[in-house]
Structure formats: structure tokens, C-alpha cells
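Novice: Here you go, sequence then predicted model.
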Amino acid sequence: MDTLAEAPNPTLSGVARVLVNAGKLNPKTAEDLAKQAKEKRTSFIAAVIAAGAVSSIDLAHALSSAFSLPLMDLTAVDAQRLPKGLLEAKLTAQYQVVVLGKRGSRLFVGGADPTDQEALERIKFATQLTPEWVVVEHDKLTKLLEASGASASEALENIVGGEFEFDVSEEDTTTQQESADVATDVEDAPVVRFLQKMLIDAINMRASDLHFEPYELSYRVRFRVDGELREITQPPIAIKDKLASRIKVISRLDIAEKRVPQDGRMKLKFGNRPIDFRVSTLPTLFGEKIVIRILDPSSAKLGIDALGYEKDEKDRLMKAIQRPYGMILVTGPTGSGKTVSLYTCLNLLNQPGVNISTVEDPAEINLPGINQVNVNDKAGLTFSAALKAFLRQDPDVIMVGEIRDLETADIAIKAAQTGHMVMSTLHTNDAPTTLTRLRNMGVAPFNIASSVILITAQRLARRLCENCKTPATYPREAMLRAGFKEADVDGTWKPYRAVGCTSCNNGYKGRVGLYQVMPISDDIQRIILADGSAMDIAAQAHKEGVRDLRQAGLAKVKLGVTTLEEVISVTNE
């Protein structure tokens with residue numbers, strides 16, 4: 001009697017029985033393959049395909065016919081267009097299934113083994129939908145799952161390579177242990193190592209921010225280096241949730257909350273050097289965008305000479321901060337280095353006999369010897385509330401992160417008038433418009449004139465690389481149009497242009513500050529009291545030898561520190 005016609009062994013699984021009944025396997029071979037699958041802890045179907053006993057397409061046809069189920073060719077499906085988020089990646093990997101679509105309360109699930117009742121029950125419980133099986137070929141399903149998930153680990157390993165010395169500080173280790181119950185799948189080694197590599201690369205490249213950005217079909221990582229965003233890599237999109245969870249765990253954020261923005265901090269050791277990171281999450285259409293800002297405390301200790309002040313600008317600033325009371329304002333757009341400038345000044349004043357208090361949203365750089373307070377609007381700790389409390393704390397120097405409203409401005413001005421040195425920031429284009437901005441807020445001209453002693457407006461321009469910068473020739477008219485005077489274009493000096501080499505970023509390396517340092521003189525006070533315009537104040541400041549931002553930039557061009565193109569791009573005419 002032919003072995004294929006023998007009655008199948010009743011102990012064989014559903015798939016084995018179907019294959020024997022269909023004449024694709026004999027019972028003895030089916031039993032042997034079943035034993036092998038059990039020993040290797042793999043599925044019977046995987047054992048059959050691996051042994052070459054039945055082809056993937058024949059197996060799929062046999063199961064489709066036996067159970068009257070639809071058969072689908074996965075090569076005809078665009079994997080990127082398959083629905084996402086209906087079933088956890090962990091379940092799809094565990095049960096080797098792929099979600100093909102949803103209609104009403106029905107979920108169409110592609111799999112090679114339609115006899116797997118456990119998978120159906122788990123999917124039903126997880127999605128609260130009725131799963132309907134679609135038979136697919138095992139080899140094509142494996143490739144699809146690898147492309148979306150398993151191969152993500154390999155791709156990350158390729159990006160990462162090597163080992164790292166990058167430790168989480170003790171305080172954050174505790175947080176990780178507390179969060180372990182909630183985030184069991186966060187400790188995914190390739191994801192952890194990928195994040196470490198990104199942070200290390202960012203620090204080595206002197207980046208100020210890291211952007212992790214999910215899109216519909218891709219995931220992008222960008223660094224802001226010298227003020228310019230650069231795409232670094234595109235890791236597999238399958239890691240976006242694990243990476244977000246990992247970052248949230250070590251920055252003490254709620255990993256279950258994905259609907260609202262969150263802000264947190266993390267502190268990691270880079271060798272022996274602890275570095276703070278400020279973390280911000282933002283829900284977008286295709287996942288959470290995460291921006292990590294690198295807060296290097298050493299930047300506040302560079303000293304005032306490293307910031308790029310010219311001698312006369314530095315002298316004006318030093319004279320102002322040594323005054324016993326008054327208000328110093330630093331202005332400029334976000335990312336123009338205002339905080340570093342303020343902290344450099346605070347560091348100069350940070351002596352055992354001086355009581356310094358700061359209120360910020362949030363405190364970016366931790367400095368010993370300075371009492372720092374974080375704004376907490378939910379708890380009622382606003383800038384104005386903190387300022388009122390400071391005045392009862394016997395302060396000598398107060399730093400307010402930002403003056404945003406009339407109440408904060410009023411309290412800060414009163415503090416400046418009653419014997420305290422107050423430093424703060426405002427978002428204005430230049431020094432003269434800062435005074436009119438305060439007036440528009442509702443501050444009385446008399447209070448402005450009697451409290452503000454100096455205003456610094458600043459920008460950051462990219463610094464030319466010393467290794468590859470090359471002399472350039474510009475038309476005389478272009479240089480005059482940019483703001484140079486006739487005497488400046490006499491040919492006795494040459495501007496430089498960016499070239500680019502292995503040690504820099506398109507010809508630039510680092511950044512330098514451009515400053516407009518405007519002391520409030522008696523004449524400027526009179527203009528303020530007479531309700532003069534920003535143009536009147538700017539004209540008087542110019543008479544007193546105060547350079548505007550463009551002129552400060554042109555001075556740096558003349559010194560060969562930056563390029564004319566860079567100065568034009570960061571300053572207003």
C-alpha cells in the first residue's frame with residue numbers, strides 16, 4: 001500500500017494532518033518534522049520549509065483549500081501602506097502574523113498557520129476586534145516581518161558598531177528601575193546602544209540639539225551643529241516607539257502618555273564629565289517627535305573673552321555688572337546664546353559674599369553657588385511669584401529667565417530700583433527696540449529710564465575654520481552695500497570665504513557672538529522720558545559709538561573670524 005495513502009497519525013498537528021491528507025507529506029516524515037520542531041522550539045511550518053519537504057507556495061495552497069480561506073501574495077502588497085498601530089509589534093513577531101486591514105469590527109490577519117487558535121485569541125483580546133485569517137506564504141511573511149521589525153535590530157547594530165563608555169548617573173538609574181515594570185520592552189539592547197551612540201556623536205560634533213522625527217514612511221535623526229540642522233541618519237521606522245520609551249524612562253517622563261507634550265531632563269556621564277540634557281516630546285501625526293538639547297555646564301565657564309566681545313563692548317558690560325543695582329537686559333531670538341551670556345556674567349559675580357538667585361523656565365545650566373528655581377505654572381510658581389519670594393530672601397543679584405508680562409516687568413524694575421542687580425532676557429531684534437517693547441508692555445517711561453542701565457542685543461554667527469579658510473574678493477559695491485565704509489574697502493585687508501575640510505562643517509567650526517552693547521546714557525534716558533521712538537534711541541546710541549549688530553558683524557569679517565555671507569544672513573540691514 002502506498003505510504004501517502006496511509007491514515008494520518010492522530011497525534012499530528014492540524015497543519016501536518018492537512019499536508020498528509022493532501023499527499024504533500026507521508027506520516028513518518030510529518031512525525032519526524034514535528035519532533036524536530038519541538039526540539040528546536042520552532043513552528044512545524046518553519047521546520048517543513050527549512051527541510052525542503054514542501055515548498056512555501058504549495059503549503060499555502062494546501063492550507064487555503066483545506067480551510068476554505070483566502071490566499072494572498074504578499075509581494076503584491078506595499079509593506080509601507082499596511083495599517084500600523086492596530087496590533088503591537090511584540091505580538092506580530094511572537095505569532096508571526098501581519099495585519100492586512102480592518103473593516104468595521106473585523107481585522108484581517110495574514111499568517112502561514114491558520115490552525116493557531118492561541119494567536120487568534122490573543123489578537124482578539126488585544127484589539128477587541130474579530131480576527132479573520134488570510135493565508136500567506138511563510139517565506140514572504142518572514143521577509144516582511146524582518147523588514148519591519150527584526151531587521152531593525154540588525155540595521156541599528158550596523159549604525160552603532162563598537163562598544164561605549166556612557167553611563168546613566170545614579171539618580172537616573174533609580175528612575176529606570178522604578179519604570180522597569182511599565183517598560184519591559186524598553187531595554188532593547190540595540191535601541192539603547194543606538195541612543196547612546198547618537199548622544200556621543202552629538203557631543204563629539206559639538207551639536208546643541210538632537211531631533212528624532214517620525215514620518216509616515218521614515219524616521220529621521222538630525223543634529224543642530226553650529227546653528228545649522230544636519231541629517232545624520234535614518235534608522236528603521238520600527239524603532240520609533242521603543243526609542244521614545246527609552247528616552248522617556250531616563251528623563252522621568254510618563255511613558256504611557258503620548259497625547260500631550262512633555263518636558264524632562266536627563267543627566268548622563270560622558271567619561272568622567274556629567275552632561276545635562278533637556279528633553280521635549282511633541283505628539284505629531286506619525287508618532288512623538290523628541291528634541292534633546294545638550295546643556296554643557298562648561299559653556300558658562302568659558303569666560304567673557306571666549307564669547308567674542310570686542311574690547312569696548314566688554315568694558316561696557318563689565319562696568320555695568322559691577323554696579324550695585326540696576327537692570328541689565330540681554331535680547332535676541334531663541335538660540336542666540338542669551339543664557340550663556342547671562343550665566344557668564346553670573347559666574348563673574350559668583351563670590352562667597354554675593355547672594356544670587358535665578359528663576360528660569362527651565363534652568364538650563366547648573367552652577368554651584370547660585371540658587372536656581374524652575375518655573376512651575378501648574379503649581380502657581382510663575383516668574384512673578386518667584387520674584388516676589390526672592391525679594392524676601394535678601395538677594396544681591398537676581399536673574400529672571402525671561403520678562404514675558406507686565407507683572408514680571410514691574411517687579412523686576414522695582415527690584416532694580418531698590419538696590420538689587422537684576423538681569424533678564426527679552427525677545428527683541430536689537431537694543432533700542434527693547435526699550436519700546438517694555439513701554440508697549442505697559443511699563444512707565446520713568447521706570448524704564450531709572451532702572452535699565454545696559455542692554456545687549458546679540459546673534460550667533462558661524463566661525464570660519466582656521467584650517468581651510470581662503471581669502472575672497474568681493475565687488476566694492478557689494479561691500480559698501482553690506483555696510484562697510486569707504487575707508488574700509490581700501491584694499492589693505494582681505495575678507496575670507498568658507499571652503500570646507502575634514503575637520504569642519506562646510507568651512508565653519510564653532511560660533512562667535514555679534515553684540516550690540518548699549519549703555520543707557522543720560523541722553524538716552526532723556527529720549528525715553530520724552531517718549532522717543534526706537535529710531536531716536538538708535539541714532540543717539542550711534543552718536544555715542546555703539547555699533548549695531550551689522551557693524552559688529554562686519555568688524556568680525558574684517559578680523560577674518562567669519563564671512564560676509566554669514567553676517568548678512570544673521571543680521572538685519
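Specialist: Nice, I can see it. Numbering: from 1, shown residues only.
Novice: Just confirm Ile328 is within a helix.
Specialist: No: assessed with DSSP: H, G, I helix; E, B strand; the rest coil, Ile328 is strand; it does not lie in a helix.
Novice: So for Asp263, what's the nearest residue that isn't a sequence neighbour?
Specialist: Ser280 (5.4 Å; Cβ to Cβ, 6 or more residues apart in numbering). (Each C-beta comes from the backbone N, C-alpha and C, glycine too.)
Novice: For whatever helix or strand that neighbour lives in, which residues meet the burial criterion?
Specialist: In the assignment (DSSP states H and E), Ser280 maps to strand 273-284. Buried residues in strand 273-284, defined by neighbour count with 16 or more other Cβ atoms under 10 Å: Ile275, Asp276, Phe277, Arg278, Val279, Ser280, Thr281.
Novice: Need the contact partners of it.
Specialist: Identification of contacts with strand 273-284 by Cβ atoms under 8 Å, 6 or more residues apart in numbering yields 169, 199, 203, 213-214, 244, 247-248, 251, 253, 258-269, 288-297, 362, 364-366.
Novice: Show me the beta-bridge partners of the residue nearest to Asp263.
Specialist: Asp263, Val291 (DSSP bridges).
Novice: Summarise which helices and strands the strand or helix carrying Lys414 is packed against.
Specialist: Under the criterion of DSSP H and E, Lys414 resides in helix 406-417. Applying 3 or more Cβ pairs under 8 Å, 6 or more residues apart in numbering; DSSP states H and E, one finds that helix 406-417 contacts strand 326-331, helix 383-390, strand 397-400, strand 421-426, helix 431-441, helix 445-451.
Novice: closest to Lys494 out of those?
Specialist: Proximity to Lys494 (Cβ to Cβ) singles out helix 431-441 among these, at 30.8 Å.
Novice: distance of the nearest residue to Gly419 once chain neighbours are set aside from Asp396?
Specialist: Once flanking residues are discounted, Gly419 sits nearest to Tyr325: 4.8 Å by Cβ to Cβ, 6+ apart. Tyr325 sits 9 Å away from Asp396 when distances are taken as Cβ to Cβ, to the nearest Å.
Novice: and if you look at Ser43?
Specialist: From Ser43 to Asp396 the distance is 73 Å (Cβ to Cβ).
Novice: Which residues are in contact with Leu549?
Specialist: So Leu549 contacts Asp430, Ala457, Gln458, Arg459, Leu514, Tyr515, Gln516, Thr571, Asn572 (Cβ under 8 Å, 6+ apart).
Novice: how about the CA coordinates for the helix ranked longest in the chain, as CSV?
Specialist: Longest helix in the chain, counting residues (DSSP state H): helix 189-204. The C-alpha trace of helix 189-204 is given here as CSV (Å, rounded to 0.1, in the frame of the first residue of the first chain):
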residue,chain,number,x,y,z
ALA,A,189,19.9,46.5,23.6
PRO,A,190,20.2,47.8,20.0
VAL,A,191,17.9,50.7,20.8
VAL,A,192,19.8,51.6,24.0
ARG,A,193,23.1,51.4,22.2
PHE,A,194,21.7,53.5,19.2
LEU,A,195,20.6,56.2,21.6
GLN,A,196,24.0,56.2,23.3
LYS,A,197,25.8,56.5,20.0
MET,A,198,23.6,59.4,18.9
LEU,A,199,24.3,61.3,22.1
ILE,A,200,28.0,60.6,22.0
ASP,A,201,28.2,61.6,18.3
ALA,A,202,26.2,64.8,19.1
ILE,A,203,28.6,65.7,21.9
ASN,A,204,31.7,65.0,19.7
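Novice: In it, which residues are buried?
Specialist: 190-200, 202-203.
Novice: Okay, and Glu466 sits in which element?
Specialist: Glu466 belongs to no helix or strand, assigned by DSSP H and E.
Novice: Spatially, which residue comes closest to it, not counting chain neighbours?
Specialist: Counting by Cβ to Cβ, 6+ apart, the residue nearest Glu466 is Lys509, at 7.6 Å.
Novice: Just the pLDDT for the residue nearest to Gly419.
Specialist: Tyr325 carries a pLDDT value of 92.
Novice: One more: Ser503?
Specialist: Here, the pLDDT recorded for Ser503 equals 80.
Novice: Could you do Glu257 as well?
Specialist: Model confidence at Glu257, given as pLDDT, is 91.
Novice: do the one 4 residues further on as well
Specialist: According to the per-residue confidence, Pro261 scores 93 in pLDDT.
Novice: Please work out the average pLDDT along the helix holding Lys414.
Specialist: Mean predicted confidence for helix 406-417 is 92.
Novice: do stretch 294-312 as well
Specialist: 78.
Novice: same question, stretch 342-350
Specialist: Mean predicted confidence for stretch 342-350 is 90.
Novice: Check what contacts that stretch and list those residues.
Specialist: Stretch 342-350 has contacts (Cβ under 8 Å, 6+ apart) with 299-304, 307, 317-318, 321, 328, 330, 356, 358, 365, 367, 369-370, 397, 399, 421, 423, 425.
Novice: Return the residues in contact with Gln551.
Specialist: So Gln551 contacts Gly483 (Cβ under 8 Å, 6+ apart).
Novice: Name the helix or strand for it, please.
Specialist: Here Gln551 is assigned to helix 549-558, by DSSP H and E.
Novice: For the protein, give me the ranges with low pLDDT.
Specialist: Residues of the chain meeting the criterion pLDDT under 70: 1-13, 80, 146-188, 297-302, 573.
Novice: Against which helices or strands is the longest helix of the chain packed?
Specialist: Using 3+ Cβ pairs under 8 Å, 6+ apart, helix 189-204 sits against helix 151-160, strand 166-168, strand 207-214, strand 219-225, helix 240-250, strand 262-270, strand 287-295.
Novice: Dump stretch 122-138 to CSV, keeping only the CA atoms.
Specialist: Only the C-alpha atoms of stretch 122-138 are listed here, as CSV (Å, rounded to 0.1, in the frame of the first residue of the first chain):
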residue,chain,number,x,y,z
ARG,A,122,-4.6,36.8,21.8
ILE,A,123,-5.2,39.1,18.8
LYS,A,124,-8.9,39.2,19.6
PHE,A,125,-8.2,40.1,23.2
ALA,A,126,-5.6,42.8,22.4
THR,A,127,-7.6,44.5,19.7
GLN,A,128,-11.2,43.9,20.7
LEU,A,129,-11.9,43.0,17.1
THR,A,130,-12.8,39.8,15.3
PRO,A,131,-9.7,38.4,13.5
GLU,A,132,-10.2,36.8,10.1
TRP,A,133,-7.4,34.7,8.8
VAL,A,134,-5.8,35.2,5.3
VAL,A,135,-3.3,32.5,4.3
VAL,A,136,0.1,33.9,3.2
GLU,A,137,3.3,32.2,2.2
HIS,A,138,5.7,31.5,5.1
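Novice: Would you mark the buried spots in it?
Specialist: Arg122, Ile123, Thr127, Leu129, Pro131, Trp133, Val134, Val135, Val136, Glu137, His138.
Novice: that's a strand at the fifth one, yeah?
Specialist: Yes: note on Pro131: a strand contains this position according to three-state DSSP.
Novice: who touches it in this structure?
Specialist: Arg106, Leu107, Phe108, Val109, Leu120, Ile123, Lys124.
Novice: Out of those residues, which comes closest to Ile520?
Specialist: Leu107 (69.4 Å).
Novice: That closest one and Thr130 touch, don't they?
Specialist: Yes: the criterion here is Cβ atoms under 8 Å, and Leu107 meets it with Thr130 at 6.8 Å.
Novice: Report the contact partners of Leu82.
Specialist: Val98, Val99, Leu100.
Novice: In helices, which of these fall?
Specialist: Going by DSSP H, the helices hold none of the contacts of Leu82.
Novice: how about a markdown table for the residues you listed, with distance to Pro83 and neighbour count added?
Specialist: Shown next, in a markdown table, are the contacts of Leu82 (distance: Cβ to Cβ, whole Å; neighbours: other Cβ atoms under 10 Å):
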| residue | distance to Pro83 | neighbour count |
| --- | --- | --- |
| Val98 | 10 | 23 |
| Val99 | 6 | 21 |
| Leu100 | 8 | 19 |
